[in-house]
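Enquirer: next comes the sequence, and after it the predicted model I'd like to discuss.
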There are 2 protein chains.
Amino acid sequence: MKITLIGAGNLATNIAIALKNAHHQIIEIYSRTEASAKVLAQKVEANYLTELSSISDEADLYLFSVSDSVLSQVIKEFPYKEKLVAHTAGSLDIDLFSQDYAQAAVFYPLQTFSKTKKVDFSNIPICLEARDHKDLLILQSLAESISEDVRLVSSYQRKAIHMAAVFSCNFTNHLMHIADQLLEESHMNFDILLPLIEETLSKLNYMPPRSAQTGPAVREDFNVVNDHLQRLSSNQQYHDIYKLLSESIIKTHREG
Amino acid sequence: MKITLIGAGNLATNIAIALKNAHHQIIEIYSRTEASAKVLAQKVEANYLTELSSISDEADLYLFSVSDSVLSQVIKEFPYKEKLVAHTAGSLDIDLFSQDYAQAAVFYPLQTFSKTKKVDFSNIPICLEARDHKDLLILQSLAESISEDVRLVSSYQRKAIHMAAVFSCNFTNHLMHIADQLLEESHMNFDILLPLIEETLSKLNYMPPRSAQTGPAVREDFNVVNDHLQRLSSNQQYHDIYKLLSESIIKTHREG
């Protein structure tokens, strides 16, 4: 397929490289920032531009991969309503494309990307949605050329996925930061936790997280819970997080 | 070394097997529950007993690996105050052994254990503490015979480790459960998150969690945060956890 990328950020960069490696042709890269557009264009042997009004009409697919906050503005300025267009945003509805776009779609790879670290796309779930059934088949074929895990997902479901990702990744990472701080206060390094973290997460591959729950809260060992809360009393935020999560674990497991 | 295990639970079982594989001699297994004592004793070719009063005085080390709640009672009933004794509890002080025990110690492997899944001890951090410096050297040599990661850790530090483990593992696992529930409500399976979770955690091997933070809260994308909070409004507990953790992420990163 001939594809034009609208955007040159982390996600756009990773998608463009994966598509090129799967022998698709990236014809143009658009970015407001010339330097970003140029860097990515060179990587995938594409042209680049910084004005949406001069974008070519020759692509089979226009993939919008810009930050959520500017996406609707970029769509407004895009000149070809009759083309196949797709955005890559987990949290945004397909209807961000007005009904004038008969060929609107969503192409959402569920992963966290950085520009420098190359990601293996083959096991990344790609969540697809399209207004037109024929377009869904086209995007499915495109997605399957870079990933073995392609799923049809509604906008409503995609929002649930996005929220679940916030809990399981963003919030999890913040808890790791708190653990890091607690260790640092006692002059220890975070690396001591890595084998335990790895084992905890490897369990998720073969049992539901509910069954894997361990620790003082699920045992209702209030001696330990209260001891920890007391030691955390100098940091209100950590104290409150400990308390709320412990209560939630107890409630979850009492309800059976 | 000749070692007697006081306890036959998950941790005792895993330690006993690792020590036997490292060519130490397990001479006795004590458990209140005869069946547990017998099963473990057979695994490591040891004798077993259910009465502390009849325990042999021939071991070089008595390793107490029973649940936190009964540990102090078991220590009270133990007949040999002049022997090298160590407990394996992350959350308990070395001073659970009264000062009558000149050779008190702690031998704490930082990992989550189950009886059925065999654990590779070689990369598990073992945290040591001892009243007497000579005993520390003995335990260090013992620990190094089963693990490549042996650390000297005070009771105060060990409690910080235990709290950090609660945040990074027990609480993290609960967030995975919430993610699982959110997906289930939209008729999707938890497995869609596994590549994202794996990538999120692999980052911890080469950057501090603070630098790895992503998501709507750290971007202060309040459109998404408020949208998620509204969708969570039917579950007060999940709503409050989302709100508190988002606030904590924002606070952490504003403070710079």
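Expert: Looks like it arrived, so ask away. Numbers count the residues shown, from 1 in each chain, chains lettered A, B, ... in the order given.
Enquirer: can you show me the strands along the stretch 101-250 of chain A?
Expert: When assigned using DSSP state E, counting those that start in this stretch, the strands of the stretch 101-250 of chain A occupy the ranges A:104-109, A:126-130, A:150-152.
Enquirer: turn those into CSV, including mean neighbour count and mean pLDDT.
Expert: For the C-beta atoms, the positions are set from N, CA and C on the backbone; glycine is no exception. Conversion of those to CSV gives the following (neighbours: other Cβ atoms under 10 Å in any protein chain shown; pLDDT from 0 to 100):
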stretch, mean neighbour count, mean pLDDT
strand A:104-109, 24, 97
strand A:126-130, 23, 98
strand A:150-152, 18, 97
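Enquirer: of all the ones you listed, which lies closest to chain B?
Expert: Across these, the minimum distance to chain B, taken as Cβ to the nearest Cβ, is reached by strand A:150-152, at 7.0 Å.
Enquirer: packing partners for the closest one?
Expert: Judged by 3 or more Cβ pairs under 8 Å, 6 or more residues apart in numbering or on different chains; DSSP states H and E, the packing partners of strand A:150-152 are strand A:126-130, helix A:133-144.
Enquirer: for B:Glu198, find the nearest of those.
Expert: Between B:Glu198 and the helices and strands packed on strand A:150-152, the tightest spacing by Cβ to Cβ is seen for strand A:126-130, at 16.4 Å.
Enquirer: low-confidence ranges in chain A?
Expert: Counting by pLDDT under 70, chain A has low-confidence residues at A:115.
Enquirer: in it, where's the longest helix?
Expert: For chain A, the helix reaching the highest residue count under DSSP state H is reported as helix A:236-254.
Enquirer: for the stretch 151-256 of chain A, which segments count as helices?
Expert: Taking DSSP state H, counting those that start in this stretch as the criterion, the stretch 151-256 of chain A carries its helices at A:155-165, A:172-185, A:194-202, A:209-212, A:222-231, A:236-254.
Enquirer: my read is that A:Leu136 contacts A:Leu152, right?
Expert: Yes - because the distance of 7.0 Å satisfies Cβ atoms under 8 Å, A:Leu136 is recorded as touching A:Leu152.
Enquirer: and A:Leu61, what are its phi and psi?
Expert: Reported as degrees, to the nearest 10, the phi and psi values for A:Leu61 are phi -150, psi 130.
Enquirer: measure it to A:Gln111 for me?
Expert: Summarising the geometry, the distance separating A:Leu61 from A:Gln111, computed by Cβ to Cβ, to the nearest Å, is 20 Å.
Enquirer: with A:Leu193 instead?
Expert: The gap separating A:Leu193 from A:Gln111 is 24 Å, by Cβ to Cβ.
Enquirer: between A:Leu136 and A:Leu152, which contacts overlap?
Expert: For the pair A:Leu136 and A:Leu152, residues contacting each of them under the criterion Cβ atoms under 8 Å, 6 or more residues apart in numbering or on different chains are A:128-129.
Enquirer: quick revisit: could I get the helices of the stretch 151-256 of chain A as JSON lines with distance to chain B?
Expert: Formatted as JSON lines, the helices of the stretch 151-256 of chain A follow (distance: least, Cβ to the nearest Cβ, whole Å):
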{"stretch": "helix A:155-165", "distance to chain B": "4"}
{"stretch": "helix A:172-185", "distance to chain B": "4"}
{"stretch": "helix A:194-202", "distance to chain B": "4"}
{"stretch": "helix A:209-212", "distance to chain B": "4"}
{"stretch": "helix A:222-231", "distance to chain B": "5"}
{"stretch": "helix A:236-254", "distance to chain B": "5"}
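Enquirer: among these, which is nearest B:Arg231?
Expert: helix A:155-165 (6.8 Å).
Enquirer: report the buried residues of that closest one.
Expert: Neighbour counts using 16 or more other Cβ atoms under 10 Å in any protein chain shown place A:157-165 of helix A:155-165 among the buried residues.
Enquirer: stretch A:44-53 too?
Expert: By neighbour count on 16+ other Cβ under 10 Å, the buried set for stretch A:44-53 is A:44, A:46, A:48-49.
Enquirer: quick one: A:Ile26 is in a helix?
Expert: No - per DSSP: H, G, I helix; E, B strand; the rest coil, A:Ile26 lies outside any helix segment and is strand.
Enquirer: bridging residues for it?
Expert: Residues in a beta bridge with A:Ile26, per DSSP bridges, are A:Ile3.
Enquirer: return the residues in contact with it.
Expert: So, once contact is read as Cβ under 8 Å, 6+ apart, A:Ile26 ends up touching A:3-5, A:16, A:19-20, A:44-46.
Enquirer: same deal with A:Val44?
Expert: Contacts here follow Cβ under 8 Å, 6+ apart; on that basis A:Val44 touches A:16-17, A:19-20, A:26, A:29.
Enquirer: follow-up on the earlier one: out of the helices and strands packed on strand A:150-152, indicate the one that is most buried.
Expert: Of all those, strand A:126-130 carries the top mean neighbour count, a mean of 23, counting by mean count of other Cβ atoms under 10 Å in any protein chain shown.
Enquirer: please name the residues that touch the closest residue to A:Thr88 other than its chain neighbours.
Expert: Beyond its immediate neighbours in the sequence, the residue positioned closest to A:Thr88 (Cβ to Cβ, 6 or more residues apart in numbering or on different chains) is A:Ser65, lying 4.4 Å away. For A:Ser65, the contact set (Cβ under 8 Å, 6+ apart) comprises A:5-7, A:9, A:11-12, A:15, A:87-88.
Enquirer: now secondary structure too, for the residues you listed, in a markdown table please.
Expert: Shown next, in a markdown table, are the contacts of A:Ser65 (three-state DSSP):
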| residue | secondary structure |
| --- | --- |
| A:Leu5 | strand |
| A:Ile6 | strand |
| A:Gly7 | coil |
| A:Gly9 | coil |
| A:Leu11 | helix |
| A:Ala12 | helix |
| A:Ile15 | helix |
| A:His87 | strand |
| A:Thr88 | coil |
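Enquirer: which single one of the residues you listed is nearest to chain B?
Expert: Among the contacts of A:Ser65, and counting by Cβ to the nearest Cβ, the member closest to chain B is A:Leu11, at 11.5 Å.
Enquirer: what about the closest one, distance to A:Asp68?
Expert: Shown here: A:Leu11 relative to A:Asp68, a distance of 11 Å by Cβ to Cβ.
Enquirer: now A:Glu82
Expert: As for A:Glu82, its distance to A:Asp68 is 25 Å (criterion: Cβ to Cβ).
Enquirer: ok, now A:Leu84?
Expert: Relative to A:Asp68, A:Leu84 is positioned 21 Å away (Cβ to Cβ).
Enquirer: pick out whichever of those two has more residues nearby.
Expert: Here A:Leu84 and A:Asp68 are compared on neighbour count by other Cβ atoms under 10 Å in any protein chain shown; more neighbours surround A:Leu84, at 23 against 17.
Enquirer: list the contacts for that one?
Expert: Under the criterion of Cβ under 8 Å, 6+ apart, the neighbours of A:Leu84 are A:60-62, A:103, A:105, A:135, A:138.
Enquirer: 10 Å instead, please
Expert: A:Leu84 sits next to A:1, A:3, A:59-63, A:101-105, A:130, A:132, A:134-135, A:138-139 when contact means Cβ atoms under 10 Å, 6 or more residues apart in numbering or on different chains.
Enquirer: and it, its phi and psi?
Expert: With angles defined as degrees, to the nearest 10, A:Leu84 sits at phi -70, psi 120.
Enquirer: nearest residue to it in space, ignoring adjacent ones along the chain?
Expert: Sequence neighbours aside, A:Gln103 is the residue nearest to A:Leu84 in space, at 4.4 Å (criterion: Cβ to Cβ, 6+ apart).
Enquirer: that neighbour contacts A:His133, doesn't it?
Expert: No - under the criterion of Cβ atoms under 10 Å, A:Gln103 makes no contact with A:His133, lying 11.2 Å away.
Enquirer: shared neighbours, A:Leu11 and A:Asp68?
Expert: Overlap between the contact sets of A:Leu11 and A:Asp68, as judged by Cβ under 10 Å, 6+ apart, is given by A:Ala89.
Enquirer: before we move on, the earlier item: now render the helices and strands packed on strand A:150-152 as TSV, adding distance to B:Ser246.
Expert: Rendered in TSV, the data for the helices and strands packed on strand A:150-152 read as follows (distance: least, Cβ to Cβ, whole Å):
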stretch	distance to B:Ser246
strand A:126-130	23
helix A:133-144	31
